[in-house]
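Enquirer: turn this into a model:
(3 chains, ligands or ions: 3)
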Amino acid sequence: MGINLEEQFQQKIDQEIKIEPKDWMPQKYRHTLIRQISQHAHSEVVGMLPEGNWISRAPSLKRKAILLAKIQDEAGHGLYLYSAAETLGISRDEMYEQLHSGKAKYSSIFNYPTLTWADMGAIGWLVDGAAILNQVPLCRTSYGPYARAMIRVCKEESFHQRQGFESLLVLSKGTEDQKRMCQEAINRWWWPCLMMFGPPDDQSPNTIQSMQWKIKRFSNDELRQKFVNMIAEQIKILGMTLPDPDLEWNEETMQYDFGKINWEELKQVIQGNGPCNKERMDARRKAWNDGEWVRDAANAYAAKHSKQL
Amino acid sequence: MTTKEIQNPLINFLLHLGDNALILGHRNSEWCGHGPVLEQDIALTNIALDQIGQARNFYQYAAKLISETSGEKITEDSIAYLRDGWDFKNCLLTELPNGHWGQTVLKQFLIAAYQYYLYQVLEKNSEEQLSAIATKSLKEISYHLRWSSEWVIRLGDGTDDSKQKILDALEIVWPYTNELTNFTDYEIEIIGDTYKNIKDNWIEKVYVVLTEAGLEIPSTVYNHNGGKQGNHTEHLGYILTEMQFLQRAYPNSEW
Amino acid sequence: MKTFIRKFFYGDYGEEKNTASEHNPSRQTINEWPLWEVFIRSKQGLDHKHVGSLHAADATMAMENARDVYTRRNEGISIWIVESKNIHANNPDDADALFDPANDKIYRHPSFYELPDELKHM
Ligand SMILES: [Fe+2]
Ligand SMILES: [Fe+2]
Ligand SMILES: [Fe+2]
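Expert: Ligands and ions are numbered 1, 2, ... in the order given. Okay, here's the model as predicted:
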């Protein structure tokens, strides 16, 4: 005896025993998880918008179907993650309320505009690629429902990055206009993608506790470096370049060195001043408000009939 | 390209079927990311994906037949992206704007009910490939019909507000429904006199579902027709402008 | 106007005592569609397995949503749905009392019995 609940809890985590919804957990663990999972869910759902822009303009029927299926997957990811957060005692409607009121954050990357078709490829390759690096380790995260949701997400995610790269590959072998489109999209998405991993480690206060709880398994900077190493190699196959004159292989560290990130830009985007913050939030709020009478009608109908299958 | 001069009824019929599926799928896909609830966003996107898949099947078959007779290399994409509005043979109902969720599910229901009976006839057609596409599509359409009828009933029998909204939508779309079962020469050439049954079955199904929803079939005195012959509403032009933009701006490119 | 009521999740139904630490009363906006748990049989011969949850206004809709959300990649051939509030679960605090007593009943396992090698097919 004598060992308290909190120590027991940490022991379980150290032994890689998953925490399940009804198990005892520190209040702060619960709240941190709710924040992290709901933020992730919001990102999936808001993330549908920039790509959704191009469904009606996809250049072939095959690409239209791929894009539609990809964006639909993101809706599914949002749903799985909201469900995981719900097991912690918050409702999906409450999370929506936090999103719509601006209280909850979502990934900064989705506040950038999609200006050409090549952006669909760049998002799949770079944005989904960055997200996957973050998500794969989360399949082993300490909270059971979150880990299970992430396994499902990662399984579906694997086609997203591939379709993006393949679509850029076609452009890179295409006409001069298409090559330009491809390069220009990479130029625009590269830096925002590096910012997507969050502030540098010495400025992210939550990291240590989150690592101990195994709800975060690599630091922002570690993941960012991993991403740079991966993309710097893959881009050679496209015959394109990354917009960073300081990008260089470092023999000593066996990593790529890269240039300075404009943290002020990230701060602005997070504070709501990115190029599309307003459009994204307006679109989400509109969908939610326009849907209210539909949701109410379904409730009213169900109450009248309480139909069995 | 243009398909205006084509006389072959089978090709025209395939184009009509493909155009219906594509334009309706295009409209439904506009909801992706904007649905009233995540689960239903996913559901309607599934339907849109089915429809785009069906369009591709019909177009690929039509492209093969057109290429054989003209010697030109025609693909599913040249059919979808390089024809002008006058070549499109979709029913006007498919191109109407989505409006609110109620109008969208109502349109989807009215068309799915029609496709449900039409495809059962096509399934028995002696053209093997047409029959195979119909068999595959019919499974999808059975689900579309079920899903959309349930929504029409739910909204009709939901709140006072939802009932009013679905009534308004019915007023808007009903004058476009006659065209579905108003069969043209190229259709009758392929399906024979079974078209009469399709019409009867369709109206019966619509009656049953609307009645359960507490709605009445509007007594409209006029109908809009013309889509099947390439005479469209103003809406189609905008759909095509958007859809065909890249193929038009960067011709002869691979995507 | 938002009204919040008690919300159920994963077998939270009908229990007096909540084991979760200072768990703040979970809430649900009153207009939210109920939560359902989804179980899928991935192929003939296998058990249904819990795959996740979703919201739906009624059972018919929940069944269709389950199909649309959880079987987009041929994951299943049969679906069960259960409204989450109808699932009863044991209290994790009772786990020791419930499950530990089975630990020392090793005679329930075939490997407990040592038999001569000559004996076949047993
Ligand atoms: Fe995702
Ligand atoms: Fe993705
Ligand atoms: Fe993600």
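Enquirer: A helix includes C:His50, no?
Expert: No: with DSSP: H, G, I helix; E, B strand; the rest coil as the criterion, C:His50 is assigned strand and is not in a helix.
Enquirer: so it versus C:Ser84, what's the distance?
Expert: Going from C:His50 to C:Ser84 by Cβ to Cβ, to the nearest Å gives 11 Å. All C-beta atoms are positioned from the backbone trio N, CA, C, and that covers glycine.
Enquirer: just the strands in chain C please.
Expert: Shown for chain C, the strands assigned by DSSP state E span residues C:4-6, C:27-29, C:35-41, C:48-55, C:78-83.
Enquirer: ligand 1 is nearest to which of the ones you listed?
Expert: Among these, the nearest to ligand 1 by Cβ to the ion is strand C:48-55 (14.9 Å).
Enquirer: give me the buried positions along that closest one.
Expert: Buried residues in strand C:48-55, counted by 16 or more other Cβ atoms under 10 Å in any protein chain shown: C:51-55.
Enquirer: please, which helix or strand holds residue 24?
Expert: No chain specified, so I'll use chain A. Assigned by DSSP states H and E, A:Trp24 falls within no helix or strand.
Enquirer: other chain: chain B
Expert: Going by DSSP H and E, B:Leu24 is part of helix B:9-29.
Enquirer: after that helix comes which helix or strand?
Expert: That would be, after helix B:9-29 and using DSSP H and E, helix B:38-70.
Enquirer: what is that next one packed up against?
Expert: helix A:61-86, helix B:9-29, helix B:76-81, helix B:128-156, strand C:48-55, helix C:59-70 (3 or more Cβ pairs under 8 Å, 6 or more residues apart in numbering or on different chains; DSSP states H and E).
Enquirer: show me which positions of it end up buried.
Expert: B:38-63, B:65-66.
Enquirer: next one: stretch A:115-128
Expert: Those would be A:116-128, for stretch A:115-128 by 16+ other Cβ under 10 Å.
Enquirer: what about that stretch and ligand 2, touching?
Expert: Yes: under the criterion of Cβ under 5 Å from the ion, ligand 2 is reached by stretch A:115-128 at A:Asp128.
Enquirer: name the spans of the chain whose pLDDT lies under the cut-off.
Expert: Because you didn't say which chain, this covers chain A. A:1-2, A:307-309 (pLDDT under 70).
Enquirer: you looked at the wrong chain, it should be chain B
Expert: In chain B (pLDDT under 70), no residue qualifies.
Enquirer: one more time with 90, if that's ok
Expert: B:1, B:3-5, B:70-71, B:195, B:219-221 (pLDDT under 90).
Enquirer: quick one, what contacts B:Pro97?
Expert: B:27, B:235 (Cβ atoms under 8 Å, 6 or more residues apart in numbering or on different chains).
Enquirer: wasn't it part of a strand?
Expert: No: with three-state DSSP as the criterion, B:Pro97 is coil rather than part of a strand.
Enquirer: quick check: the gap between it and ligand 2.
Expert: Distance of B:Pro97 to ligand 2, given as Cβ to the ion, to the nearest Å: 30 Å.
Enquirer: and A:Asn206, how many neighbours?
Expert: Per other Cβ atoms under 10 Å in any protein chain shown, the neighbour tally for A:Asn206 reads 13.
Enquirer: for it, which non-adjacent residue is spatially closest?
Expert: Spatial nearest neighbour of A:Asn206, chain neighbours left out: A:Thr32 (7.0 Å); criterion: Cβ to Cβ, 6 or more residues apart in numbering or on different chains.
Enquirer: measure the one you found to A:Arg217 for me?
Expert: Distance of A:Thr32 to A:Arg217, given as Cβ to Cβ: 14 Å.
Enquirer: ok, now A:Gln209?
Expert: Counting by Cβ to Cβ - A:Gln209 and A:Arg217 are separated by 13 Å.
Enquirer: higher neighbour count, those two?
Expert: A:Arg217 (17 against 13).
Enquirer: and the more buried one, what is it in contact with?
Expert: Counting by Cβ under 8 Å, 6+ apart, A:Arg217 has contacts A:137-138, A:140-141, A:211.
Enquirer: now those: which count as buried?
Expert: A:137-138, A:141.
Enquirer: related to what we said a few turns ago, I'd like to know which of the buried residues of strand C:48-55 is nearest to ligand 2.
Expert: Of the buried residues of strand C:48-55, the one sitting nearest to ligand 2 (Cβ to the ion) turns out to be C:Gly52, at 17.5 Å.
Enquirer: got the contact list for the residue lying closest to A:Lys70 once chain neighbours are set aside?
Expert: Leaving aside its sequence neighbours, A:Lys70 sits nearest to A:His160 (Cβ to Cβ, 6+ apart; 5.6 Å). Applying Cβ under 8 Å, 6+ apart to A:His160 gives the contacts A:70, A:73, A:124, A:128, A:132.
Enquirer: which of the residues you listed sits closest to chain B?
Expert: A:Asp73 (9.1 Å; Cβ to the nearest Cβ).
Enquirer: pretty sure the closest one is touching A:Glu156, no?
Expert: Yes: A:Asp73 is within contact range of A:Glu156, at 4.9 Å (criterion: Cβ atoms under 8 Å).
Enquirer: more neighbours: which of those two?
Expert: Higher neighbour count among A:Asp73 and A:Glu156: A:Asp73, with 22 against 18, using other Cβ under 10 Å.
Enquirer: about what we covered before: mind putting the helices and strands packed on helix B:38-70 in CSV, distance to ligand 2 included?
Expert: As requested, the helices and strands packed on helix B:38-70 are exported to CSV (distance: least, Cβ to the ion, whole Å):
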stretch, distance to ligand 2
helix A:61-86, 6
helix B:9-29, 18
helix B:76-81, 25
helix B:128-156, 25
strand C:48-55, 18
helix C:59-70, 16
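Enquirer: how about these, which one is nearest ligand 1?
Expert: helix A:61-86 (3.8 Å).
Enquirer: what's that closest one packed up against?
Expert: With contacts taken as 3+ Cβ pairs under 8 Å, 6+ apart, helix A:61-86 sits against helix A:27-46, helix A:48-52, helix A:92-100, helix A:144-172, helix B:9-29, helix B:38-70, helix B:76-81, strand C:48-55.
Enquirer: got the end-to-end distance for stretch A:239-251?
Expert: 23 Å (Cα to Cα, to the nearest Å).
Enquirer: show me what counts as buried in that stretch.
Expert: Buried residues in stretch A:239-251, counted by 16+ other Cβ under 10 Å: A:240, A:242, A:244, A:247.
Enquirer: from the residues you listed, which are also near ligand 1?
Expert: Among the buried residues of stretch A:239-251, no residue lies close to ligand 1 (Cβ under 5 Å from the ion).
Enquirer: make TSV out of the residues you listed and add secondary structure.
Expert: Below are the buried residues of stretch A:239-251 laid out as TSV (three-state DSSP):
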residue	secondary structure
A:Met240	coil
A:Leu242	coil
A:Asp244	coil
A:Leu247	coil
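Enquirer: bridging residues for the residue most central in space within chain C?
Expert: Centroid check for chain C by Cα atoms, centre = their mean gives C:His50 as the closest residue, at 5.8 Å. For C:His50, the beta-bridge assignment (DSSP bridges) gives partners C:Phe39.
Enquirer: hmm, it is touching C:Ala66, no?
Expert: No: contact criterion Cβ under 8 Å: C:His50 and C:Ala66 do not qualify, at 11.7 Å.
Enquirer: shared neighbours, those two?
Expert: Residues within reach of C:His50 and of C:Ala66 at once, by Cβ under 8 Å, 6+ apart, are C:Val38.
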